[in-house]
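Trainee: Fold the following for me, if possible:
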Amino acid sequence: MGRLGVVAAGVEARRQLADPGLALAFVGGAAALGLFVLYPTVRVLLYPTLHDYLTIPHSVRWIQAARNSLVSTVLSTSTAVLVGLAFAFATSRPDVPGRRFFRTVALLPLFAPPFMVAFSYILLFGRQGLVTRHLLGLDVNIFGLHGLWLVQTVAFFPLAMLVIAGVLESVSPSLEHAARNLGADEWQVARTVTLALARPGIAGAALVVAISVLADFGNAVVIAGGWPLLATEAWFRLEGMADLRGASLVVAMLVVPTTGLFLLERYWVGRRRYTTITGRGGRLERPPTYPPLKWAAFCVCALTSVLVLLVYLGVVAGAFTAVWGRDWSLTLDHWHLASDRVGSLWASLRVAAGAGLVTAVAGILLAFLTSRAVPLRRALDFLAVLPGALPGVFVGVGFVLAFNRPPLELVGTPWILVLALAFWHLPLGYQAAVAQLQQIDRSIEEAASNLGARGLHLLRDVYLPLLTRAFVEGFTVSFVRAVTNVSIAVFLVSPGNVVATFAILNMIGNGIWGGAAALTTMLLLVTFAALAVARLAAGRALRPVPVG
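Mentor: This next block holds a predicted model:
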């Protein structure tokens, strides 16, 4: 029977590829993944020689960077997951005050540029900080491990909250009622039922956050100071020493743990089900939350919400303050300075729009191809999600190595940024399309096939109208992340192709804080405007079409 199944699969694969359009799409999709995902990855890993790899244990600087990255990952992941758990618990309990407000505030860091939390906290809590120096009279050095720990906790706890909240919301209230009926007190119910069932989500959240913390470049380059990390060491090697081999060696070191965590996270999520089976019947109301837990979660959420809102307050205040730390009078001079660099903002918009379009189109096409019985579809699926395991600095160095010479010399052009960002965000567009494809009843395709639709005609006439939301989601997420990206941009910008995040990073490094704050505020306005337009477009995409 197994042999017959293999034969049938082979026959179906040949039938699918007999369609010229589908065969051409398969070849094009495979070639694009090979060229823009696999080839840069292999170039980074093979560029250093074996001798270079063998020197790693003897390099004090690199061993220190690896050790520091491990320490910051453990610390920041632990606190981010704990804070995320508090938010997930508070927002999933109907009797916790302000739960809707907490959820809204918790999502704000996801839309900020990667360096924004660090930059704002330097303005507020540094040696010239508004809070530490001028309100509390303290002389605080925020640079180093402690500052990075605080910043990464605030930046990445929303990721943990989203994962854990999905698990807690699936826990049936009937389980808590049953535990109480069996004599468990409030604390025992919370410990042995609610939190126990959330363990898979907590573990999954820890893996997601650890990947993000380990690969974090934006916050680290701004606030880590002289504390070397793998994510920043590559840029310092390339920018300060023109050491491309050293940069590729560092990012090759970084990709090993991030890929391992990524594969473990995919295995964990794929093997675990975050639901509880309690039989049929009406859903009960959740019982009252154990008061100590409720108010503990409330206090953590309230304190963290203040820290999140201060991120935006610090940047906006910096944009209107004459000289931060010395002259607190209001001014618009920084906006004039930022307007001189508005060209970088337009460059960011053009690059992000191109990247978003490529991500959305490629994601839908690859999702359609992997849903067909085509050869090597598992390989296509693997390459489509592989960029999710690669840190931005790895992708940046990879594209420098892969496309800095003929026949495809892209370094120095905006296209290298568009393609690097598009394929780095490809897993987001691809997975959104796969998820929506799985919700489409195959009887629709069968009916279209009976009417003569084949290959790409199915995609164009049947699936594309039904995948509008996946297109909008893929484009929006890629656009927002591309317009605020810095980890790839720092490696791929050129004198005539400077994007806003790179310009802001340079201004921060040169002490032009007011101008950096003004340009960051402009970038935020663009980001939120794009999100509003995307939400409106998604709403229209889901609006039912009138019949008759």
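Trainee: Kindly provide the distance from Glu473 to Ala435.
Mentor: The span separating Glu473 from Ala435 equals 9 Å under the rule CB to CB, to the nearest Å. All C-beta atoms are positioned from the backbone trio N, CA, C, and that covers glycine.
Trainee: Give me the more crowded residue out of these two.
Mentor: For Glu473 versus Ala435, neighbours defined as other CB atoms under 10 Å are more numerous around Glu473 (23 against 12).
Trainee: Ala432 is in contact with that one, correct?
Mentor: Yes: between Glu473 and Ala432 there is a contact at 4.5 Å, judged by CB atoms under 8 Å.
Trainee: Neighbours of the residue nearest to Arg43 when sequence neighbours are not counted, how many?
Mentor: Once flanking residues are discounted, Arg43 sits nearest to Leu401: 4.3 Å by CB to CB, 6 or more residues apart in numbering. Counted with other CB under 10 Å, the neighbours of Leu401 add up to 21.
Trainee: ok, Leu401 to Ile416 distance?
Mentor: Taken as CB to CB, the span from Leu401 to Ile416 is 12 Å.
Trainee: swap in Asp381?
Mentor: Taking CB to CB, one finds Asp381 at 26 Å from Ile416.
Trainee: And these two? Which one has more around it.
Mentor: Legend: neighbour count by other CB under 10 Å for Asp381 and Ile416, higher for Ile416 (26 against 17).
Trainee: Now do the same contact list for the more buried one.
Mentor: Applying CB atoms under 8 Å, 6 or more residues apart in numbering to Ile416 gives the contacts 399, 403, 410, 492.
Trainee: Check which helix or strand it maps to.
Mentor: Taking DSSP states H and E as the criterion, Ile416 maps to helix 414-424.
Trainee: Just give me how far that helix sits from the chain centre.
Mentor: Here helix 414-424 is found 16 Å from its chain centre; the criterion is CA atoms, centre = their mean, to the nearest Å.
Trainee: Tell me the helix or strand right after it.
Mentor: Scanning onward from helix 414-424 (DSSP H and E), the first element met is helix 426-437.
Trainee: May I see the buried residues of that following helix?
Mentor: 426-434, 436-437 (16 or more other CB atoms under 10 Å).
Trainee: May I see those residues arranged in CSV, with pLDDT and distance to Ala106 as well?
Mentor: Formatted as CSV, these follow (pLDDT from 0 to 100; distance: CB to CB, whole Å):
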residue, pLDDT, distance to Ala106
Leu426, 94, 27
Pro427, 92, 23
Leu428, 89, 20
Gly429, 90, 24
Tyr430, 92, 26
Gln431, 88, 22
Ala432, 86, 22
Ala433, 87, 27
Val434, 86, 27
Gln436, 82, 26
Leu437, 79, 30
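Trainee: if we can go back for a sec, per-residue pLDDT, the residue nearest to Arg43?
Mentor: Leu401 carries a pLDDT value of 94.
Trainee: could you give the angle of the host helix or strand of it to helix 414-424?
Mentor: For Leu401, the host element (DSSP H and E) is helix 392-402. Angle of helix 392-402 versus helix 414-424, following axes from the mean of the first three to the mean of the last three CA atoms, to 10 degrees, is 130 degrees.
Trainee: CA atoms only for helix 392-402 - export them in PDB, please.
Mentor: The C-alpha coordinates for helix 392-402 follow below in PDB (Å, rounded to 0.1, in the frame of the first residue of the first chain):
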ATOM      1  CA  GLY A 392      19.400  40.400  10.700                       C
ATOM      2  CA  VAL A 393      23.200  40.900  11.000                       C
ATOM      3  CA  PHE A 394      23.700  37.500   9.400                       C
ATOM      4  CA  VAL A 395      21.400  38.300   6.500                       C
ATOM      5  CA  GLY A 396      23.200  41.700   6.000                       C
ATOM      6  CA  VAL A 397      26.600  40.200   5.900                       C
ATOM      7  CA  GLY A 398      25.400  37.400   3.700                       C
ATOM      8  CA  PHE A 399      24.000  39.800   1.100                       C
ATOM      9  CA  VAL A 400      27.200  41.800   1.100                       C
ATOM     10  CA  LEU A 401      29.200  38.600   0.400                       C
ATOM     11  CA  ALA A 402      26.800  37.200  -2.200                       C
END
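Trainee: Can you list the helices and strands that the helix or strand containing Cys299 packs against?
Mentor: Assigning secondary structure by DSSP H and E places Cys299 in helix 291-320. Here helix 291-320 touches helix 60-92, helix 99-107, helix 116-125, helix 145-168, helix 186-189, helix 333-339, helix 513-542, going by 3 or more CB pairs under 8 Å, 6 or more residues apart in numbering; DSSP states H and E.
Trainee: buried residues in the longest one?
Mentor: Buried residues in helix 60-92, counting neighbours by 16+ other CB under 10 Å, are found at 62, 65-66, 68-69, 72-73, 75-77, 79-81, 83-92.
Trainee: and the next element down the chain from the helix or strand of the chain with the lowest mean pLDDT?
Mentor: Lowest by mean pLDDT, DSSP states H and E among the helices and strands of the chain is helix 2-17, with a mean of 50. Using DSSP H and E, the helix or strand that directly follows helix 2-17 along the chain is helix 20-33.
Trainee: Find the nearest non-adjacent residue to Gly396, please.
Mentor: Nearest to Gly396 is Phe491, by CB to CB, 6+ apart, at 3.2 Å.
Trainee: What is the burial count for the one you found?
Mentor: There are 26 residues near Phe491, going by other CB under 10 Å.
Trainee: And what about it, helix, strand or coil?
Mentor: helix (DSSP: H, G, I helix; E, B strand; the rest coil).
Trainee: Ok, Gly363 next?
Mentor: helix.
Trainee: Hmm, it is touching Tyr430, no?
Mentor: Yes: using CB under 8 Å as the test, Gly363 is close enough to Tyr430 to be in contact (4.2 Å).
Trainee: what is in contact with the two at once?
Mentor: With CB under 8 Å, 6+ apart as the test, Gly363 and Tyr430 both reach 384, 474.
Trainee: returning to that earlier point: buried set for the helix holding Cys299?
Mentor: Under the neighbour-count criterion of 16+ other CB under 10 Å, helix 291-320 has 293-294, 297-298, 300-301, 304-305, 307-308, 310-312, 314-320 buried.
Trainee: Next, the residues that contact stretch 61-72 from outside, please.
Mentor: With contacts defined as CB under 8 Å, 6+ apart, stretch 61-72 is touched by 56-57, 145, 148-149, 152, 213-214, 220, 227-231, 233, 249-250, 253-254.
Trainee: Which members of these are positioned in helices?
Mentor: Those of those mapping onto helices are 145, 148-149, 152, 213-214, 220, 230-231, 233, 249-250, 253-254, per DSSP state H.
Trainee: want to try CSV for those, with distance to Ile202, neighbour count and pLDDT as columns?
Mentor: Formatted as CSV, the ones in helices among the contacts of stretch 61-72 follow (distance: CB to CB, whole Å; neighbours: other CB atoms under 10 Å; pLDDT from 0 to 100):
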residue, distance to Ile202, neighbour count, pLDDT
Leu145, 24, 17, 92
Leu148, 23, 27, 95
Trp149, 20, 19, 95
Gln152, 18, 26, 96
Val213, 16, 26, 93
Leu214, 18, 21, 91
Ala220, 25, 29, 93
Leu230, 26, 27, 90
Ala231, 25, 29, 89
Glu233, 31, 26, 89
Leu249, 35, 26, 91
Val250, 31, 32, 91
Met253, 28, 21, 91
Leu254, 25, 25, 90
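Trainee: Dump these to CSV, plus distance to Phe479.
Mentor: Shown next, in CSV, are the ones in helices among the contacts of stretch 61-72 (distance: CB to CB, whole Å):
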residue, distance to Phe479
Leu145, 34
Leu148, 28
Trp149, 31
Gln152, 24
Val213, 24
Leu214, 25
Ala220, 24
Leu230, 28
Ala231, 24
Glu233, 30
Leu249, 33
Val250, 29
Met253, 31
Leu254, 26
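Trainee: Good, we can wrap up now.
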